[in-house]
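Asker: model the following, please.
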Amino acid sequence: MKRTIKYYRLIWLKHDLPAGLSVFLVALPLCLGIALASGAPLYAGLLSGIIGGLVVSLISGSQLGVSGPAAGLTTLVAASIISLGDYKIFLLAVMVAGLFQLVLGLLKLGAIANYFPSLVIKGMLAAIGIILISKQIPLAMGYDQPDFWSSGFAQLFSADNFLGNFDNFNHHITRGAILITVISLIVLVALQQPFAKKIKVIPAPLLVVVIGIITNILFTNTASGFSLKQTQLVNIPSNVFASISFPDFSKLFSTTQICKDGIIIGLLATLETLLCIVMRLRISNLSTAASKRN
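Answerer: Next up, the predicted model:
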């Protein structure tokens with residue numbers, strides 16, 4: 001019994017703890033970014049990550065499900081907040097979405113994901129990946145304007161005043177961000193090579209996050225022009241939970257748009273989660289079959 005407990009402690013220290021730290025360091029800015037992109041308060045992203053990490057993981061029996069803010073729903077959430085006109089009313093739609101998902105779970109309707117072709121799953125994941133990559137490219141270059149793809153990058157290929165457009169684009173990028181991006185990519189690629197398997201004790205994403213933080217600290221302490229701007233850092237207000245809002249239950253039956261938005265959000269969130277789980281399960285089965293053949 002003692003040997004079993006000691007074994008699981010070693011497994012926890014070697015795998016679970018580094019993985020948890022990696023997910024935390026990646027999920028924290030992601031939760032804040034999704035909340036910001038959705039037009040929701042910053043604390044909403046933090047609460048979603050906390051609830052998804054603590055509550056859902058305790059009550060859910062899924063080993064492949066990941067809970068928290070979904071980047072694929074940012075457009076839908078932002079449109080719902082605008083159409084309903086009040087964030088407190090939008091919270092009612094979120095409650096409807098949660099109840100809708102609860103009903104689907106009680107009726108054991110998760111099997112509907114098995115009827116979706118694998119091409120649909122791959123297409124959805126590829127679309128989400130393309131969106132995430134496209135959103136990260138301006139950040140990787142330290143571009144400080146909101147119109148990178150629509151005008152900033154597109155103007156570089158304009159025939160009129162090419163040198164002037166290039167010079168203007170050059171003023172809006174941060175060389176420190178580009179340098180951190182290049183270092184991070186080199187580390188990620190290097191740790192995937194065969195010679196790095198023996199030294200890869202720390203997960204690559206966690207190591208990259210730590211290297212990025214240390215690099216920017218060195219830039220800042222040396223008064224270098226490569227240091228990131230304050231707007232390029234994750235800034236969490238000290239009173240982030242002071243203005244927390246609750247649903248306005250008096251407006252529950254004020255409009256049918258609440259139920260419509262709630263059902264749409266619940267349906268899309270459910271399908272996205274189920275399809276991702278099915279894809280992870282298929283990948284896991286393929287990896288198991290490949291290892292048995294070897």
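
Asker: contacting residues around stretch 176-191?
Answerer: With contact meaning C-beta atoms under 8 Å, 6 or more residues apart in numbering, stretch 176-191 is reached by 139-142, 196, 200, 204, 207-208, 211-212, 215-216, 219, 224-228, 232. C-betas here are computed from N, CA, C, even on glycine.

Asker: burial measure for S57, as a count.
Answerer: Per other C-beta atoms under 10 Å, the neighbour tally for S57 reads 13.

Asker: which non-adjacent residue is nearest it?
Answerer: By the measure of C-beta to C-beta, 6 or more residues apart in numbering, the closest residue to S57 outside its immediate chain neighbours is S67, 7.1 Å from it.

Asker: and V26, by the same measure?
Answerer: Per C-beta to C-beta, 6+ apart, closest to V26 is P205, 6.0 Å.

Asker: D167 in helix, strand or coil?
Answerer: helix (DSSP: H, G, I helix; E, B strand; the rest coil).

Asker: quick check: which ranges of the stretch 151-294 of the chain have low pLDDT?
Answerer: 151-152, 154-166, 198-203, 234-237, 240, 279-280, 282-294 (pLDDT under 70).

Asker: re the thing from before, which of the three states applies to the residue nearest to S57?
Answerer: Once three-state DSSP is applied, S67 turns out coil.

Asker: am I right that L25 is in contact with L207?
Answerer: No - taking C-beta atoms under 8 Å as the definition, L25 is not a contact partner of L207, at 10.5 Å.

Asker: re the thing from before, what about the residue nearest to V26, distance to I213?
Answerer: 13 Å (C-beta to C-beta, to the nearest Å).

Asker: so the two - more neighbours on which side?
Answerer: P205 (19 against 12).

Asker: who's in contact with the more buried one?
Answerer: S22, L25, V26.

Asker: which phi and psi does the last one have?
Answerer: Note on V26: backbone dihedrals following degrees, to the nearest 10 are phi -80, psi -40.

Asker: which of the contacts of stretch 176-191 are buried? Put it as a ChimeraX command.
Answerer: Buried residues within the contacts of stretch 176-191, by 16 or more other C-beta atoms under 10 Å, are selected in ChimeraX with:
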select :140,141,142,204,207,208,212,215,216,219,226,227,228,232
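
Asker: so which of the contacts of stretch 176-191 belong to strands?
Answerer: Among the contacts of stretch 176-191, no member falls in strands (criterion: DSSP state E).

Asker: in space, what's closest to I244 - neighbours in sequence excluded?
Answerer: Closest to I244 by C-beta to C-beta, 6+ apart is Y43, at 5.9 Å.

Asker: residue contacts, that neighbour?
Answerer: A35, V240, F241, S243, I244.

Asker: tell me, how many residues neighbour A19?
Answerer: If we define neighbours as other C-beta under 10 Å, then A19 has 13 of them.

Asker: so it is in which element?
Answerer: A19 is located in helix 17-38, with elements delineated by DSSP states H and E.

Asker: what's the separation between N170 and A223?
Answerer: Distance from N170 to A223, by C-beta to C-beta: 22 Å.

Asker: and what of L54?
Answerer: For L54, the distance to A223 - C-beta to C-beta - is 41 Å.

Asker: what about these two, which has more around it?
Answerer: More neighbours surround L54 than the other of L54 and A223, with 11 against 7 (other C-beta under 10 Å).

Asker: which SS class is D144?
Answerer: Judged by three-state DSSP, the three-state class of D144 is coil.

Asker: which residues touch it?
Answerer: H172, I173, T174, K229, T231, Q232.

Asker: swap the cut-off to 10 Å and go again
Answerer: Going by C-beta atoms under 10 Å, 6 or more residues apart in numbering, D144 touches P138, G152, H171, H172, I173, T174, A177, K229, T231, Q232.

Asker: what do you get for H171?
Answerer: D144, Q145.
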